[in-house]
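J.: make a model of this:
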Amino acid sequence: ILLKEGGTGAMKTFTVEEVSKHNKEDDCWIIVSGGVYDVTKFAKYHPGGKKILLKEGGKDSTKKFNMFHNKRVLKKYDKKLKIGTVLKAKL
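T.: Below is the predicted model of the structure:
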């Protein structure tokens, strides 16, 4: 997996199934608006508490995120936490 750290700037595409495996305190990813975010290290700094992020780990949290945050929050953390995008299912 290529992360944005290390100067590559590369973004990976993940399936929902891949993201769902990252649902633990030491490995926590969420999906928001089609982006995949590694919130593992950020969880302890989350103003609402880490339990909320851990409960959403491995899931599409777009609806819940949008209930409590505006788009500026996503833009603020995009470069630090976004590791890729989620592959859209073909019908």
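J.: for the longest helix seen in the chain, the distance to its chain's centre please.
T.: Assignment by DSSP state H gives helix 71-81 as the longest helix of the chain. Offset of helix 71-81 from its chain centre (C-alpha atoms, centre = their mean, to the nearest Å): 10 Å.
J.: and it, what other elements does it pack with?
T.: strand 35-38 (3 or more C-beta pairs under 8 Å, 6 or more residues apart in numbering; DSSP states H and E). In this view, the C-beta of every residue, glycine as well, is placed from N, C-alpha and C.
J.: what's the first helix or strand after the strand it packs on?
T.: The helix or strand immediately downstream of strand 35-38 is helix 50-56, counting by DSSP states H and E.
J.: got a list of what the closest residue to residue 24 other than its chain neighbours touches?
T.: Computed as C-beta to C-beta, 6 or more residues apart in numbering, the closest residue to residue 24 that is not its neighbour in sequence is residue 57, at 6.8 Å. By C-beta atoms under 8 Å, 6 or more residues apart in numbering, the contact list for residue 57 reads 22, 23, 24, 28, 29, 30, 39.
J.: show the buried residues in those.
T.: Those of the contacts of residue 57 that meet the buried threshold are 22, 23, 28, 29, 30, 39, by 16 or more other C-beta atoms under 10 Å.
J.: which among those residues gets closest to residue 65?
T.: Ranked by distance to residue 65 (C-beta to C-beta), those are led by residue 30 at 7.8 Å.
J.: using the three-state scheme, assign the closest one.
T.: strand (DSSP: H, G, I helix; E, B strand; the rest coil).
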